[in-house]
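S.K.: Attaching a predicted model along with its sequence, questions to come.
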Amino acid sequence: HSHPKTETEQLVGTNGTFIPWSNIDIEFASAGKVIPSAWAFKEGGAYPFEFQYSQKNVNSPPAFAEFLSTFSSALLEAGLLDILGIGLIDTDVASTTIECTIGRANIVVPRPENNTNSVVPTFWV
């Protein structure tokens with residue numbers, strides 16, 4: 001799928017669709033909160049690049065920041081910065097859906113029933 005090409009947009013997912021939101025859209029969605037859901041790793045640490053819209057007031061536990069730092073250090077030692085990343089996946093949804101890109105939207109749809117044996121769960125960063 002595609003990601004926004006500007007600094008003023010973030011890829012935000014809600015109800016199975018990921019679309020670029022501008023900073024204004026994020027401020028407007030005051031009934032909820034936009035939280036990170038995928039991170040890339042570069043020199044200097046973890047950088048969120050995909051987000052989820054949540055109507056709940058969700059905060060990451062302090063231990064998660066420590067985990068991201070430790071994971072980043074491990075990737076640096078292995079020479080895998082800018083190659084591997086990490087993302088949160090709802091396994092109940094991921095096991096029964098596929099993602100496709102239409103225009104600038106990444107849409108999660110039910111997977112065809114005849115395509116269940118050859119599916120391997122993956123996630124690109």
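M.R.: Cool, got the structure.
S.K.: quick one: low-confidence ranges for the protein?
M.R.: Flagging of the chain using pLDDT under 70 yields the residue ranges 1-6, 15, 23-31, 57-59, 90-95, 114-125.
S.K.: Kindly list the longest helix within it.
M.R.: Looking only at the chain and at elements set by DSSP state H, the helix with the highest residue count is helix 62-78.
S.K.: chain center to that helix, what's the gap?
M.R.: On the basis of CA atoms, centre = their mean, to the nearest Å, helix 62-78 is displaced by 17 Å from the centre of the chain it belongs to.
S.K.: Tell me which stretches of this structure form helices.
M.R.: Counting by DSSP H, residue ranges of the helices within the chain are 23-28, 62-78, 91-94.
S.K.: end to end, how far does stretch 84-100 reach?
M.R.: Stretch 84-100 has an end-to-end distance of 21 Å (CA to CA, to the nearest Å).
S.K.: go on, stretch 35-52?
M.R.: Start-to-end span of stretch 35-52 (CA to CA) is 5 Å.
S.K.: can you list contacts of it?
M.R.: Residues from elsewhere that reach stretch 35-52, judged by CB atoms under 8 Å, 6 or more residues apart in numbering: 3, 10-14, 18, 21, 34, 54, 58, 60, 68-69, 71-72, 75-76, 80-82, 84-88, 123, 125. Bear in mind the C-beta positions are built from the backbone N, C-alpha and C, glycine included.
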